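Undergrad: Sequence first, predicted coordinates after that:
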Amino acid sequence: MSETLNFKSPREQLCSLTLDELKERMKQVGVPAFRAQQVFEWVYLKGAVSFDAMTNLSKEFRVRLEEMFQFPAIRLIQTQESDETTKFLWELSDGKRIESVLIQSFDRRTVCVSSQVGCPGRCAFCASGKTGLIRSLSTAEIVEQVLHIDRILHEKGERVCHLVYMGMGEPLDNYDAVVQSIRIINDENSFHISQRRITVSTVGIVEGIYRLAREDFKVNLALSLHAPNQSIRKMIIPFAKKYPLEEILMAVDEYAILTKRDITYEYTLLADINDGPMQAEELVSLLRKKQCTVNLIPYNPVEYLRVKRPKGDRITRFRDILNDGGINTTWRYTKGQDIAAACGQLALPVTE
Ligand code: SF4
């Protein structure tokens, strides 16, 4: 990757553009549209790390591209590896830092991307929300997390095949950039990751769920539920005060109907907060009639947060009650815990 990232660049970010938009920009400066296709191929298929590397384009055109666009928009600072998980630390044009995670499971390569620097959610159990929102990411800053990881995998003959918006940030609080990034990532001229293999996770931004349900693509939706009722939810998720559980579930039900996608409910088990048999029974009643999966995530301890992980027998009991109640349940095996790459552990990295 280029070491000459221009941090002060006022230029448009190349990876924020769809192919049609890039063609449009070419037209505006009198360049034939097929050139846009060539640039797209260099970026997304041939792994070019700079305009200079696009050797079938004339020198003059490459200089023009350099003047018009910023590419790349993020720079790899550090990687940390653990079992089947790799955490990537990136620097953005303004010096802010974000993280993404690559999870390798059998032949599946899943990238978990950040959508914001920090997060406005400030959930009690989550490292990402500790600082609040610093700023939202641009489309290019999201797309390039996938791009650069895909390039690294490509050298081993592998490709990114699944994508989850579950890193730092609340994706639906950065709606336009996230939706544009989905369009680019799903495009057959770029990664062509199927809509069925893309999941957006939200803590419950109601208007965002309704909007997403009406887009011309259908991605999976995961709701970070984490509580079976409004009162526990309000204790651990500040956004719950603005978006009552009842309203969120109505929006999510509509999402399921319009997209014909089953919903995943993420439920982080927190000791003595939401992990008792009573809460499990309540969760069964809440979800019994829905086509859904509950993904149980035993809490990954974060040093400076006071919430705790439940004991093993409480986790098993909770899961058994859900199973007995007919709820399809998965138990997320926690990968990457030792490098703080597990769910709820992506924190704002220190800027030097
Ligand atoms: S759980 Fe999600 S919404 Fe809550 S602070 Fe963490 S990243 Fe933000």
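TA: Received it, and whenever you're ready, just let me know what you need.

Undergrad: What residues are bridge-paired with residue 76?
TA: Per DSSP bridges, the residues bridged to residue 76 are residue 90.

Undergrad: Any idea how many residues pack against it?
TA: When counting by other C-beta atoms under 10 Å, one arrives at 17 neighbours for residue 76. C-beta: built from backbone N, CA, C; applies to glycine.

Undergrad: all numbers from here: first residue = 338
TA: Happy to do that; since the first residue is 338 now, the last one works out to residue 413.

Undergrad: What pLDDT is listed against it?
TA: pLDDT, residue 413: 97.

Undergrad: How about residue 389?
TA: According to the prediction, residue 389 has pLDDT 94.

Undergrad: Got phi/psi on it?
TA: phi -60, psi -30 (degrees, to the nearest 10).

Undergrad: what's around it, how many residues?
TA: Quick note: residue 389 (other C-beta under 10 Å) scores 15 neighbours.

Undergrad: ok, now residue 449?
TA: So residue 449, with other C-beta under 10 Å, has 25 neighbours.

Undergrad: do the same with the one 5 residues further on
TA: Residue 454 is flanked by 22 other residues according to other C-beta under 10 Å.

Undergrad: Kindly confirm my reading that it is in a strand.
TA: Yes: counting by DSSP: H, G, I helix; E, B strand; the rest coil, residue 454 is found in a strand.

Undergrad: May I have the predicted confidence score for residue 688?
TA: Value listed for residue 688 in the pLDDT field: 41.

Undergrad: for residue 668, that is, sorry about that
TA: Value listed for residue 668 in the pLDDT field: 84.

Undergrad: Dig out what it forms beta bridges with.
TA: Note on residue 668: beta-bridge partners by DSSP bridges are residue 633.

Undergrad: who's in contact with it?
TA: Each residue near residue 668 by C-beta atoms under 8 Å, 6 or more residues apart in numbering is listed here: 632-633, 635, 652, 656.

Undergrad: Which of these ranks first by neighbour count?
TA: Ranked by the number of neighbours (other C-beta under 10 Å), those place residue 635 first, at 24 neighbours.

Undergrad: wait, isn't it in contact with residue 650?
TA: No: taking C-beta atoms under 8 Å as the definition, residue 635 is not a contact partner of residue 650, at 11.9 Å.

Undergrad: and residue 464, what element?
TA: Using DSSP states H and E, residue 464 sits within no helix or strand.

Undergrad: Would you confirm that it contacts residue 638?
TA: No: with contact defined as C-beta under 8 Å, residue 464 does not count as touching residue 638 (10.2 Å).

Undergrad: Please identify which of those two sits among more neighbours.
TA: Shown here are residue 464 and residue 638; by other C-beta under 10 Å, residue 464 has more neighbours (21 against 15).

Undergrad: Please read off the pLDDT at the more buried one from the model.
TA: Residue 464 is given a pLDDT of 84.

Undergrad: next one: residue 461
TA: For residue 461, the model assigns a pLDDT of 89.

Undergrad: so what's the residue nearest to it when sequence neighbours are not counted up against?
TA: Excluding its sequence neighbours, the residue lying closest to residue 461 (C-beta to C-beta, 6 or more residues apart in numbering) is residue 573, at 4.4 Å. Residues near residue 573 by C-beta under 8 Å, 6+ apart: 460-462, 563-564, 607, 610-611, 644.

Undergrad: Out of the residues you listed, the closest to the ligand would be?
TA: The nearest member of the contacts of residue 573 to the ligand, counting by C-beta to the nearest ligand atom, is residue 460 at 3.2 Å.

Undergrad: Residue 559 versus the closest one, what's the distance?
TA: Taking C-beta to C-beta, to the nearest Å as the measure, residue 460 falls 15 Å from residue 559.

Undergrad: quick one, which of those two is more surrounded?
TA: Set residue 460 next to residue 559 and count neighbours by other C-beta under 10 Å: residue 460 wins out with 24 against 19.

Undergrad: wait, what's in contact with residue 651?
TA: By C-beta under 8 Å, 6+ apart, the neighbours of residue 651 are 606, 608, 612-613.

Undergrad: now, which of those sits nearest residue 367?
TA: residue 606 (59.6 Å; C-beta to C-beta).

Undergrad: what bridges to that closest one?
TA: Beta bridges link residue 606 to residue 635 when assigned by DSSP bridges.

Undergrad: Isn't it up against residue 655?
TA: Yes: using C-beta under 8 Å, residue 606 is in contact with residue 655, at 6.3 Å.

Undergrad: Can you get me the start-to-end distance on stretch 568-578?
TA: 9 Å (C-alpha to C-alpha, to the nearest Å).

Undergrad: and the contacts of residue 668 as TSV, adding distance to the ligand and pLDDT?
TA: TSV is the format used below for these (distance: C-beta to the nearest ligand atom, whole Å; pLDDT from 0 to 100):
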residue	distance to the ligand	pLDDT
632	13	93
633	15	93
635	15	90
652	19	95
656	21	97
